[in-house]
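Student: the following block contains a protein sequence and its predicted model.
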Amino acid sequence: MHKFQRGISLEGVAIAAFFLIIFSLLGMKLIPPYMENKNIQNVFTILANDPELQQSPINEINRAFNKRASIDNINAIRSNDIDISKEGGSLYISAEYEVRIPLFSNISFLLEFSPSSE
């Protein structure tokens, strides 16, 4: 009576390890920009809901953003990159920016973000 071998072959293990490594490397490169975008969006929401900034001039709002960006280690945008508007007595803050992530050689990812206070 013949026993059939079951399980994964060495080639199967190598292919699975290859894909696991590739996805892990992509995750390590792509997760930080998304986390920074979430931080930016949180700062925009905090600033837009701050009652002291509702009637403040734009340069004061920019200064407040720079302080929060410094604390939260935000490097993707600066205060001159954000759009500030006051609509109906409420503050609205938004921005549009891109992050280019090099993978290898001349291949890179381009991520586009549009965080806002809404």
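Tutor: Perfect, thanks for sending it. Numbering: from 1, shown residues only.

Student: next secondary structure element downstream of the longest helix seen in the chain?
Tutor: Longest helix of the chain, by residue count under DSSP state H: helix 10-48. Later in the chain than helix 10-48, the nearest helix or strand by DSSP states H and E is helix 58-71.

Student: run the chain-centre distance for whatever helix or strand comes next after that next one.
Tutor: Downstream of helix 58-71, the next assigned helix or strand under DSSP H and E is strand 82-87. Centroid separation for strand 82-87 versus its chain: 21 Å, with C-alpha atoms, centre = their mean, to the nearest Å.

Student: quick one: list the elements packing against strand 82-87.
Tutor: helix 58-71, strand 90-95 (3 or more C-beta pairs under 8 Å, 6 or more residues apart in numbering; DSSP states H and E). For the C-beta atoms, the positions are set from N, CA and C on the backbone; glycine is no exception.

Student: for the longest helix of the chain, packing partners?
Tutor: helix 58-71, strand 90-95, strand 97-104, strand 107-113.

Student: change it to 10 Å
Tutor: Other helices and strands packing on helix 10-48, by 3 or more C-beta pairs under 10 Å, 6 or more residues apart in numbering; DSSP states H and E, are helix 58-71, strand 82-87, strand 90-95, strand 97-104, strand 107-113.

Student: just name the most buried of these.
Tutor: Looking across these with neighbours counted as mean count of other C-beta atoms under 10 Å, the highest average goes to strand 90-95: a mean of 18.
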